[in-house]
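Novice: structure for this input, please:
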Amino acid sequence: MSPFLRSYLTVVWFGLASFLVAGLLLGISALIRPNNPNAEKLLTYESGVDPVGDGWSQSQIRYYVFALLFVIFDVEAVFIFPWATQLERYGMFGLVEMGIFVGILLLGLVYAWRKGVLRWV
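Specialist: This is a model prediction of the structure:
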C-alpha cells in the first residue's frame with residue numbers, strides 16, 4: 001500500500017475510533033442516568049418564563065432579516081482576518097480584491113440602511 005493511501009487509512013481508523021468512543025459514552029450515559037419524567041419536566045420552558053397561551057405566534061420578518069444581515073457581516077470577518085495576516089504575501093492584487101469585497105459588502109449595507117432594515121423597532 002502506498003504511503004498516500006496509508007495516510008488516508010489512518011484518518012479512517014481515527015474517525016471510526018471517534019465514532020465508537022462517542023457511541024460508547026452516549027450508551028453508558030443512557031444506562032446510568034436517572035429517568036423520572038413527569039408533566040412539569042415535559043413542560044415547554046424558555047428564558048425563565050412559564051409559557052402562557054398557545055405556543056404559535058407570528059413574528060415580524062424584520063427580525064429575521066436583521067439576523068441574516070448580522071450573519072452576513074459576521075462571516076465577512078472569516079474572510080478578512082486571514083487576508084490581513086497574509087497581506088504582504090498577496091500584495092497589491094490582494095488589496096484590490098479585498099477592496100472589491102468590502103465595497104460589495106458596503107453596497108449591501110447601504111441598501112439595507114436605505115430600505116430601513118437596520119431600524120430596530
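Novice: make it CA atoms for all contacts and neighbour counts henceforth
Specialist: Noted.
Novice: what strand or helix carries the residue at minimal distance from the centre of the chain?
Specialist: Taking CA atoms, centre = their mean, the centroid of the chain lies closest to V71, which sits 8.5 Å from it. Element membership for V71, per DSSP states H and E: helix 61-85.
Novice: average pLDDT for that helix, rounded please.
Specialist: Helix 61-85 shows a mean pLDDT of 84.
Novice: return the distance of the helix or strand just after it from the chain's centre.
Specialist: On the C-terminal side of helix 61-85, the closest following helix or strand by DSSP H and E is helix 87-115. Here helix 87-115 is found 22 Å from its chain centre; the criterion is CA atoms, centre = their mean, to the nearest Å.
Novice: ok so, going back, contacting residues for the residue nearest to the centre of the chain?
Specialist: When contacts are counted by CA atoms under 8 Å, 6 or more residues apart in numbering, V71 touches no other residue.
Novice: and it, how far from A22?
Specialist: V71 sits 31 Å away from A22, going by CA to CA, to the nearest Å.
Novice: next one: F101
Specialist: For F101 relative to A22 (CA to CA), the value is 41 Å.
Novice: again, but for L68
Specialist: From L68 to A22 the distance is 33 Å (CA to CA).
Novice: please apply the same query to F79.
Specialist: On the measure of CA to CA, F79 and A22 end up 33 Å apart.
Novice: and for L105?
Specialist: 41 Å.
Novice: when those two are compared, which one has more neighbours?
Specialist: Taking neighbours as other CA atoms under 10 Å, L105 and A22 compare with L105 leading, 15 against 12.
Novice: neighbours around L69, how many?
Specialist: Residues near L69, counting by other CA under 10 Å: 17.
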